[in-house]
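S.K.: what's the 3D shape of this:
(one chain, ligands or ions: 2)
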Amino acid sequence: MADGAVLLRGFAKPFEADLTAALRDIAAQAPFRHMVTPGGHQMSVAMTNCGGAGWVTDRTGYRYDARDPETGKPWPAMPLSFRELAEQAADRAGFRGFSPDACLINRYQPGARMSLHQDRDENDFSAPIVSVSLGLPAIFLFGGLKRSDRPRRFRLEHGDIAVWGGPARLVFHGVAPLADGEHGLLGRQRINLTFRKAR
Ligand code: SIN
Ligand code: FE2
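M.R.: Numbering: from 1, shown residues only. Ligands and ions are numbered 1, 2, ... in the order given. You can find the predicted model right below:
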């Protein structure tokens, strides 16, 4: 995709049954919710987390938190299938020794989008971002290191994994509004798993 950014087509496909079963468990413990940005906007994407650190946003800002603010409980543990997939994908993309402690789970229903942003709330930018797409296809916008750089568009399908790190670690990226559709395994939605080393 760019220097430091790789798209692994279909890499998560062999994991789809394990991933969807684990997702159901996680969402039962830490339900998807529409978080609010520091500017007061409710996000169109619904989110939850698993792992030792979860990404949250509210009126006070963005942060990683070991606990779900909705329940006060620790986020569900990161399932082994999630961890193994993320580590294998990072490895394949040339980032050896990736050990994620955070997995942000995004749920897009038709019309949901994510505006251009950098992932910069992590302590250590030497670790890559591993981003797994499941369900309905989406258009991923992948720009440059400046917000004004015109993004390129990549169609991400069920099972695709994008990995970006090194010189691409702070690239601006986003997701165009999700087109309506019905996916055989996941129905009328797209799920994205974003693995990070937060701490
Ligand atoms: C994100 O940047 O957190 C989400 C990217 C995606 O949904 O593909
Ligand atoms: Fe992101």
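
S.K.: Dig out what residue 133 forms beta bridges with.
M.R.: Beta-bridge pairing of residue 133 under DSSP bridges involves residue 192.

S.K.: What about residue 184, how many residues nearby?
M.R.: 7 (other C-beta atoms under 10 Å). Backbone N, C-alpha and C define where each C-beta goes, glycine included.

S.K.: Would you mind measuring from it to residue 13?
M.R.: 12 Å (C-beta to C-beta, to the nearest Å).

S.K.: Could I get the pLDDT score of the closest residue to ligand 1 within the chain?
M.R.: As assessed by C-beta to the nearest ligand atom, ligand 1 sits closest to residue 192 within the chain, at 3.4 Å. Per-residue confidence (pLDDT) for residue 192: 98.

S.K.: tell me how far stretch 185-193 is from the chain's mean position?
M.R.: Centroid separation for stretch 185-193 versus its chain: 12 Å, with C-alpha atoms, centre = their mean, to the nearest Å.

S.K.: How about the secondary structure of the residue lying closest to residue 115 once chain neighbours are set aside?
M.R.: The shortest distance from residue 115 to any non-neighbouring residue, by C-beta to C-beta, 6 or more residues apart in numbering, is to residue 174 (5.3 Å). Residue 174 falls in the strand class when you classify it by DSSP: H, G, I helix; E, B strand; the rest coil.

S.K.: For residue 174, give the beta-bridge partners.
M.R.: When assigned by DSSP bridges, residue 174 has beta-bridge partners residue 141.

S.K.: can you check residue 64 too?
M.R.: residue 55.

S.K.: Understood, closing this out.
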